[in-house]
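Peer 1: Sequence and predicted structure below; questions after.
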Amino acid sequence: MLGYFMKQSNTDMIPLFAGLFLFCISVVPLKKIEEVEEDLKSGYSNLYSKWGLLLLIWPLSGLLLELILIRFFDFGNVLNTYLFILTISSIACILLFGMFKNKLHLLYQSIIYIAIIEIGIFYLLIKLMDV
């Protein structure tokens, strides 16, 4: 999608895609956060085994940077609100799961599920506002 919009002369969407890209590179390292044994058996490096809970600094830093990006660019009221809520809920999720180490393996999927639920709610709200 980003490539499609980048090929056009209209560059209005680049900050939005930059924000979404920043969100993705902040959250994706959490995907297999506690699969240390499986990664060792497969010969893969596991970031959590190297960094422990310090690994959570990466997504928190990226998401805080995204909050700055959201504040700096005007995406429109609805999109700004959605991006803000998505980012804040992701930060809250990371902080909450960081306190409960035994549930850390659920962190990534929880962020994804929350994002799906939030986009569904915002889609419905937009449709209701258009009626």
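Peer 2: Received, thanks.

Peer 1: In the chain, where is pLDDT below threshold?
Peer 2: By pLDDT under 70, the low-scoring segments of the chain are 1-13, 34, 36, 131.

Peer 1: Under a three-state scheme, what state does the most centrally placed residue in the chain occupy?
Peer 2: Per CA atoms, centre = their mean, the C-alpha nearest to the average position across the chain is that of residue 23, at 3.8 Å. Following DSSP: H, G, I helix; E, B strand; the rest coil, we place residue 23 in the helix state.

Peer 1: Then the one 10 residues further on?
Peer 2: Assigned state for residue 33: coil (three-state reduction, three-state DSSP).

Peer 1: My read is that the residue nearest to the centre of the chain contacts residue 91, right?
Peer 2: No: in this structure residue 23 lies outside contact range of residue 91 using CB atoms under 8 Å: 11.0 Å. To be clear about C-beta, it is placed using only N, CA and C from the backbone, and glycine gets the same treatment.

Peer 1: any residues in contact with both of the two?
Peer 2: residue 63 (CB atoms under 8 Å, 6 or more residues apart in numbering).

Peer 1: Next, find the distance separating residue 53 from residue 22.
Peer 2: The spacing between residue 53 and residue 22, counted by CB to CB, to the nearest Å, is 22 Å.

Peer 1: No further queries at this time; thank you.
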